[in-house]
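Asker: any chance you could fold what I've pasted below:
(chains A and B)
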Amino acid sequence: MQNIRIGFIARLSARNHLPWNRGLFSFSGRKNLWAVCLLMTFCAALGGCFATQKTPVPGIAVILSDDSPAFVGVQREIGKKFPQRVVTYTLGDASTYSTVQKKIQSSDLPMIVAIGLPAARLARGLSGKKVVFCQVFNYEDEDLVTSWMKGVSATAPVREQFRVWKSLYPKLTSVGVITGKNLHGLMKEVQAAARENQIRLDHVEVRSDKEMIYAYKQLSPKIQGLWLAPDNRVLSNDVIRDIMAHSVKEGKQVAVFGRELLGLGGLISAETSYADIAEQVLARIRQAQEASGVPGAPVIPLTRTIIKINTVMAKRLNLKIPGTLRGMAYAP
Amino acid sequence: MLPEWKFIGKSWFERLNDVSFWRRIMPGLGGRSLVSRLLALQMLGAIIIYLIVNIGLWWTSSRLIEDNLEKQAVRWLAELDELGTPLYASQGGKQLANIDKRIKHFPEIAFIRYYDASGIKVLGEAGEVRSTGIPLLKPEQVEKLQKQTAGAERNYLVDRSLLSGAYLRFISPIRVKSIRSDGLLNFSLDNEKAENERIVGYIDLSIDSGYYKEQMVRSMASGSLIIAVLLLFALFFGSRMIRRALAPLTALQAPLARLAQGETDVNVERAKDAEIAAISDALNTTIRAIRERDETLQKMAESDPLTGLVNRSYFARALEEEIEHVTRDGIESAVYFIDLDKFKQINDTYGHAAGDKLLIRVADLLKSQVREKDVVSRLGGDEFTVLARNISREGAMELANSFNNILHDTHVTGGEDTFNINCSIGIAMVSPGRHTADEILSHADTACFASKSQGRNRYHMYEERGDSKTEIAVDTGWFERIQQTIREDKFVLVYQPIVDNVSSDKECYEVLLRMQGPNGELLLPSTFLPVAQRFGLMTDIDRWVIVHAMKALADFRAAGREIVFSINLSGQSLEDKSLLQLVKDQMMLNQLPPGCVIFEFTEQSALRYLENAKRLILGLADTGCRFALDDFGTGFSSFVYLKNLPVDFIKIDGAFVNSMASNSVDESMVLSIIHIARLFGMKTIAEFVPDEKTITMLKASGVDYIQGFYVGMPSERLPVNLHVVSDTKKNAG
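Answerer: This is a model prediction of the structure:
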């Protein structure tokens, strides 16, 4: 319960909706900090009292697509934050999928966390289980969403990215987005974030990386910046390089999804946090515990993001980083 | 059809060394020479270099063009890959216009096609030759490309078979990539995980290599021309250098050619190069030696080694030049033909050394009498000729007289004896344009002959008319006349009695020879025998005499007369080895008894052919023939010879007999000869008996036989009998 509380507060602070929360981060002095700590301890103790009152979760099964850091990191966070039994299954060769699937199916764990697309695909074949997937971008293509299977977004919160971007470059009014098909959920979020920041969004759907670069070159004259959507279907390393090179050459601002891309000319990068993912996953698990399926939206967004501003590109683009964003400054 | 080359079948090396090969190629090369061969080899080398360079250029250029085309094609494929993206995005053909616009400035691009992922359907086409029916991709090509991975080094196919290689066709797949589904989590460009790939189409690009090849041919032509010009320059300067380097060697050619043509006044210039200088030195040394040898030979050929005088050929040449000189300048010169009297006797008596000494002395004497410009030569033996230039007839005779006098006044020693030299001189004047050198020499010879006939130690000036008879003697026509006389038995035998002072039982006659003249007159032996002797006819005459005399003797004896014939033999006959058999045969044929034939040969002949004479005497000993030594006492007689020469008779020279009545010395000579003959057991015959007084003296001195016109004239017919002869003799006395 303590973890849930902490996640809630963090989510609130990330959303930046609560004035007091904003004040918390702006306090200067030990007294305020101690007061926050006491409050958090109290809340955590209160949450533990509530937990003992509900039916405890017998445990969860975590399926890892592989042992890559992006998956293992989330799994570890889940392990830390979930006090009951956590059984982890790591997929190896595709020939083992059916065996793993049978094991999970026959286990007494009703709640499944699928980390990564292969794991989600495998979990899609289970019956009588409730599944929450994460670290999957194109869930719509795979038809992963059912009443008993929902997910957590793999993308960092777009609204926060656009807010920082707008703060950095107030004249930002038009941004382009190029994606593959069937990213409706993400695009809704992007559209909403753009509207909130008075930014016009030009969205182009392409089918391949080749079209991607072509489309970007076509689109480039019309936009001030590109929000590089993390759609692996239409991105390749070469295209990413070409896009970044073209952007640098054309003086286009690019918001990227990984810190490494700042080195190629990205202006802003937004990354997710394993802990945030794990919290959102566990939150959905808990919601599903009391429901017949997995309640809520097909995919819930993340609440926190780690934003970095490329000082080199900012300087090159004659952008002055505001004082409130200095903490995000990053020199690749 | 075989080519015209004659050296078909030869190796190339032989062909290169065949000068006719190079003459055909380069007629100006002339004969085979080191320079021309080096130049030819240089030219061959230049041609080979030219070919190698051109082949190398062609190969390298072709490779470069292909490599460049390929690299260019790779760039084009990358660009076309991007340009063709709309074909795969919008299915539209509008973008093809952009491609056409892009490639229109690149004429080497023949056509471009875009295919779909199957490689069968053409999505778009661009280029100038899109409608020429270029075949579509083959399934195997598509399959091959599908098997290639995106990271392969060569991600395309090259087809060189299109339009017989005129087009280079490059086929490349159009690939799209995507990052793995989990690739964007903790994204890193260095992520080693492979991306997803798939082929969405193909680009078919054909480049007209002919365009580049045409450019290359033009460049090659220009390059070849420049190389050819450079090689020609190199050839030109190379040939100049070769010629310059070989100049010292070729400089030897002209002097050597002159040397080969017999010229010895050649000097080979000494070259600076050590090797050639050594050759030049050697050649100069050789040429000097040849020149000295030639000069020696020339001197030997034109001079008499004994006397140092010029020889006959030189004299003849000098005479020809003098004839031209005389004709040109209208002057007169004289030619002298000088023959030493009785030189053979001196040579035979005192030996060749004495004879040679005499000849040298005569040469010196003659030279002392002539001017520097005159020429004195020795024709051979004891014959000398003198060319006195620009001299009158009178002067010529004075000079001849001086020759006679100086020679006569000169005393020559032979052994212990001292004697004078006499000579007969014939003079022929060299008049403008009248006679050739041979004719003039012949005239002088004739005049000399006349001089000799007139009594020796004198000169005779050749007269055109007066000497015609004498001239006939030396005419070669005489040779034929004598031969004809022998053939036709036209000689006439006359018999001169030899009277025995002791017994008159036997008749003895010396067989003498006469020749019928053109008008039927009888010519004396002094007319034709010198000619016969000169032409080597004496042996034939002697044989004729032997045959006919023995036949006549046989006839006379058959008529009942006891006659002895004394037959003269010349010195030449003593050399005739067949004479012995002839005599035997004739003796047998005519059934002549021993003792009826006496053979005479002169003391000089006997001494000259001593061994032959002894062989003949001994050979005829069994036939009963006897031998007489004629003219004994005039030929520097040595009584020693009588010991070794078994003759039966000694005929005392008529010069002593003729004057013995008036000259006590001659009388003493006659008496001495008679005395000596008796000592050797030989009988004596005194010839040229002139009178009765002499007969009386001879008889008193004990001579055995007498002979002479006083005793009996030579006659074609024998006296009736010996008594008649005796009567005649008595009448004569």
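
Asker: from here on, just use CA atoms for contacts and neighbour counts.
Answerer: Noted.

Asker: do a quick rundown of the helices in the stretch 51-200 of chain B.
Answerer: Secondary structure of the stretch 51-200 of chain B (DSSP state H, counting those that start in this stretch): helices located at B:85-89, B:94-103, B:139-147.

Asker: around the closest residue to chain A within the stretch 351-500 of chain B, how many other residues sit close by?
Answerer: The nearest approach of the stretch 351-500 of chain B to chain A comes at B:Lys373, 121.6 Å away (Cα to the nearest Cα). B:Lys373: 10 surrounding residues under other Cα atoms under 10 Å in any protein chain shown.

Asker: return the residues in contact with the spatially closest residue to it that is not a sequence neighbour.
Answerer: Nearest residue to B:Lys373, sequence neighbours excluded (Cα to Cα, 6 or more residues apart in numbering or on different chains): B:Arg389, at 7.0 Å. B:Arg389 makes contacts with B:322, B:332-334, B:373-374, as judged by Cα atoms under 8 Å, 6 or more residues apart in numbering or on different chains.

Asker: go again with 7 Å.
Answerer: Counting by Cα atoms under 7 Å, 6 or more residues apart in numbering or on different chains, B:Arg389 makes contact with B:333-334, B:373-374.

Asker: next, it: phi, psi?
Answerer: The phi/psi pair for B:Arg389 (degrees, to the nearest 10) reads phi -80, psi 150.

Asker: mind listing residues that contact stretch B:305-319?
Answerer: The contact list for stretch B:305-319, computed with Cα under 7 Å, 6+ apart, reads B:302-304, B:359-360, B:363, B:376-379, B:437.

Asker: mean confidence score for it?
Answerer: If you average the pLDDT over stretch B:305-319, you get 89.

Asker: let's see that stretch as CSV, backbone CA atoms only.
Answerer: Taking C-alpha atoms only, stretch B:305-319 is exported to CSV below (Å, rounded to 0.1, in the frame of the first residue of the first chain):
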residue,chain,number,x,y,z
PRO,B,305,116.0,-8.5,-108.8
LEU,B,306,119.5,-9.2,-110.0
THR,B,307,120.4,-6.0,-111.6
GLY,B,308,117.9,-3.6,-110.0
LEU,B,309,116.9,-2.5,-113.5
VAL,B,310,113.2,-2.2,-114.4
ASN,B,311,111.8,-5.3,-116.2
ARG,B,312,110.1,-5.9,-119.4
SER,B,313,106.5,-4.9,-118.3
TYR,B,314,107.6,-1.7,-116.8
PHE,B,315,109.7,-0.9,-119.9
ALA,B,316,106.8,-1.6,-122.1
ARG,B,317,104.6,0.7,-120.1
ALA,B,318,107.2,3.4,-120.2
LEU,B,319,107.6,2.9,-123.9
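
Asker: list the buried residues in that stretch.
Answerer: Judged by neighbour count using 16 or more other Cα atoms under 10 Å in any protein chain shown, the buried positions of stretch B:305-319 are B:307-312, B:314-316, B:318-319.

Asker: cool, and stretch B:701-718?
Answerer: Using 16+ other Cα under 10 Å, the residues of stretch B:701-718 that count as buried are B:702-712, B:714, B:718.

Asker: would you mind measuring the gap between the ends of stretch A:119-133?
Answerer: With Cα to Cα, to the nearest Å applied, stretch A:119-133 spans 8 Å between its terminal residues.

Asker: centre of the chain to that stretch, how far?
Answerer: Averaged C-alpha coordinates place stretch A:119-133 at 20 Å from its chain's average position (Cα atoms, centre = their mean, to the nearest Å).

Asker: ok, the residue positioned nearest the centre of chain B to chain A distance?
Answerer: For chain B, the residue whose C-alpha lies nearest the mean C-alpha position (Cα atoms, centre = their mean) is B:Gly262; its distance is 11.0 Å. Distance of B:Gly262 to chain A, computed by Cα to the nearest Cα, to the nearest Å: 97 Å.

Asker: again with B:Ile617
Answerer: Spatial separation of B:Ile617 from chain A under the definition Cα to the nearest Cα is 145 Å.

Asker: list the contacts of the strand or helix carrying that residue.
Answerer: When secondary structure is defined using DSSP states H and E, the element that contains B:Ile617 is helix B:610-619. Residues outside helix B:610-619 that contact it (Cα under 7 Å, 6+ apart): B:574-575, B:580, B:606, B:645.
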